[in-house]
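In: Predicted model follows, preceded by the sequence.
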Amino acid sequence: MRDASYEFLKKLLSTPGPSGYEGAAARVWREEAAKFAEVRGDRMGNSFATLNPGGSPRVMLSGHIDEIGLMVTNVDEQGLLHFTGVGGWDPQVLVGQRVLVQTDDGPVPGVIGKKAIHVMEPEERKKVSEIKSLWIDIGAKNADEAKGKVRVGDVGVIDQPVLELPNNRIASRSLDNRMGAFVVLEALRLLSEVDGLAAEVVAVASVQEEIGLYGARGAAFGLDPDAAIAVDVTHATDTPGVSKNEHGDHALGSGPVIKRATNLSPIVSGGLIAAAETEGIAYTLEADSRSTGTDADGIQFQRAGIATGLVSAPNRYMHSPNEVVDLDDLDGCARLISAYVGGLEKGTDFVR
C-alpha cells in the first residue's frame, strides 16, 4: 500500500462518524477524492466521486462510511449519561471503555460505567451486561453541569486510536466499514491512472448502513447504475470457535473475499473471479443462499434491478473496539475491483 494511501486510511479510521452523523468522516473522504475525481454529496449525506462521466457502462462502487456508536437518551440527577446503541453492539465489549461524545462544542470525553462486581448480589454476577445497565460518566457533579456539556441525542464513539500490529495488520474501532469506503476510493484512484477507461465509475461513501442500508439505497436509486460492487468486511475464520464449514475459509492475509449469493449477479461475481485469476490476485469465495447483510442488498433491487457484486476483506472481532484486518487484503480488494472495472468494454451488458 502506498504511504499516502495508508495515511489517508488512518485519518479516515480515526475520525468519528456513527450512523446518521458521518459528516466529519465524509469530509475527510471528499477531500481525498477531490485530488483525482469529481466530488459531490447528496441530501442523505452520501459522498460521490466520479471518473469518466458519460462513459458506459455506469458502475457504482459502494463502501459505507458509518460506524457503530452510542446515543445519549437521558441525563440523570447525578449527571450520568444513559445511552443506547447506534447499530449492533455486544454490550460486554462496552464495559469500562473510554468514549468521546460528539457535541456542537466539540468532543466530550467519558467512561462507560457499570456496577462494580464487589457490590453485586451473587445472582447479578451470573448475568451478562445489558446496555440499559450501563452509563457514561463525563465527570460531571450533577445534571446541570452535564447538561451544559451534552444534550440528549448526542452521539459518541469508543475512544480508541488506530493500533499498528506486526505483519502488516492494524486494529481499529471503525474498520467496519471505513475499510470499504477506503477501498472504493483506492480502486477509483487506480482507475484514474488507466488509459482508455470505458466505464463511468462512481465511488460512493454511503451512510447509515449499520441502521438499515439506507444511504446505499438512496445513492443507487439516484445513480441508476448498470452494475455495482459493494465493499464490506466479512468474518475472518482463523480465530477459535468460528466454523469454516458454515462461514468459509477466510484467514487474514488470504486476499479479497468474493461473495457468491442468490441475490447477487453471477455476471459480476464471475467477472471478479476471472479478473482475480488473470491478475494473479489471491482470493477466497464466500457463499450465501439468501441475502448478504450488506449494502449489496440495498442496491440490487433499486429501480428495475442492478447487477451487483460484493467484495469483502476478512475482519477479526467485528463490531468491537478492536477490529483487526490485514492491509494486504485491503490493497488486494482495491486492485481486484480496479482490474475488473478497468477491463469492462464500452456498453457492457449485464442483462441475463
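Out: Received, thanks. Residues are numbered from 1 along each chain as shown.

In: okay, CA-based contacts and neighbour counts for the rest of this
Out: Noted.

In: can you give me the helices in the stretch 1-150 of the chain?
Out: Read by DSSP state H, counting those that start in this stretch, the stretch 1-150 of the chain holds these helices, from start to end of the chain: 3-14, 23-33, 122-125, 143-147.

In: any idea how far the shortest one is from the chain center?
Out: Translated: helix 122-125. Here the centre of helix 122-125 is set off from its chain's centre by 37 Å, with Cα atoms, centre = their mean, to the nearest Å.

In: The second one too?
Out: Between the mean C-alpha point of helix 23-33 and the mean C-alpha point of its chain there is a distance of 14 Å (Cα atoms, centre = their mean).

In: by contact count, what packs against it?
Out: Counting contacts by 3 or more Cα pairs under 8 Å, 6 or more residues apart in numbering; DSSP states H and E, the secondary-structure elements packed against helix 23-33 are helix 3-14, strand 38-41, strand 47-51, helix 175-191.

In: try 7 Å
Out: Counting contacts by 3 or more Cα pairs under 7 Å, 6 or more residues apart in numbering; DSSP states H and E, helix 23-33 packs against strand 47-51.

In: any residues touching the lowest-mean-pLDDT helix or strand in the chain, and which ones?
Out: Across the helices and strands of the chain, mean confidence by mean pLDDT, DSSP states H and E is lowest for helix 122-125: a mean of 74. Applying Cα atoms under 7 Å, 6 or more residues apart in numbering, the set of residues contacting helix 122-125 from outside is I117.

In: what do you get for stretch 153-171?
Out: Counting by Cα under 7 Å, 6+ apart, stretch 153-171 makes contact with 10, 14, 16, 69-73, 97-103, 172-173, 321-327, all of which sit outside it.

In: Return the subset of the residues you listed lying in strands.
Out: Judged by DSSP state E, those include 69-73, 98-103, 172, 323-326 as members of strands.

In: Taking the centroid of this protein, which residue is nearest it?
Out: Centre of the chain computed as the mean C-alpha position; nearest residue by Cα atoms, centre = their mean is N177, 1.2 Å away.

In: For my notes, confirm Q160 occurs in a strand.
Out: No - per DSSP: H, G, I helix; E, B strand; the rest coil, Q160 lies outside any strand segment and is coil.

In: Out of the helices of the stretch 1-150 of the chain, which gets nearest to S289?
Out: helix 3-14 (31.8 Å; Cα to Cα).

In: returning to that earlier point: got a ChimeraX select line for the buried ones in the contacts of stretch 153-171?
Out: What follows is the ChimeraX syntax for the buried subset of the contacts of stretch 153-171, where burial is set by 16 or more other Cα atoms under 10 Å:
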select :10,14,16,69,70,71,72,97,98,99,100,101,102,172,173,321,322,323,324,325,326,327
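
In: now the chain, which segments are flagged as low pLDDT?
Out: In the predicted model of the chain, residues 119-120, 126 satisfy pLDDT under 70.

In: Which residue ranges make up each domain of it?
Out: 3-67+173-342, 70-158 (automatic domain parsing).

In: which ones are touching G215?
Out: 44, 46, 206-209 are the contacts of G215 under Cα under 7 Å, 6+ apart.

In: Which of those fall in strands?
Out: Filtering the contacts of G215 for strands - DSSP E - leaves S206.

In: Quick one, which of the contacts of G215 are buried?
Out: Neighbour-count burial within those applies to 46, 206-209; the criterion is 16+ other Cα under 10 Å.

In: Please tabulate those residues in TSV and include distance to P314 as additional columns.
Out: Formatted as TSV, the buried ones among the contacts of G215 follow (distance: Cα to Cα, whole Å):
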residue	distance to P314
N46	25
S206	20
V207	21
Q208	21
E209	18
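
In: Select, from those residues, the two members most distant in space.
Out: Pairwise distances among the buried ones among the contacts of G215 were taken by Cα to Cα; the largest, 10.9 Å, belongs to N46 and E209.

In: in the stretch 151-300 of the chain, which spans are strands?
Out: Ranges of strands within the stretch 151-300 of the chain are 155-158, 163-165, 169-172, 200-206, 227-235, 257-261, 284-288, based on DSSP state E, counting those that start in this stretch.

In: Looking at the ones you listed, which is nearest to A116?
Out: Here strand 155-158 is closest among these (Cα to Cα), at 20.6 Å.

In: The strands of the stretch 151-300 of the chain: which one's closest to L185?
Out: For those, distance to L185 was read as Cα to Cα. The smallest value, 6.0 Å, belongs to strand 200-206.

In: What helices and strands are in contact with the closest one?
Out: Under the contact criterion of 3+ Cα pairs under 7 Å, 6+ apart, strand 200-206 touches strand 47-51, strand 58-64, helix 175-191.

In: ok and it relative to helix 23-33, angle-wise?
Out: Using axes from the mean of the first three to the mean of the last three Cα atoms, to 10 degrees, the interaxial angle of strand 200-206 with respect to helix 23-33 works out to 160 degrees.
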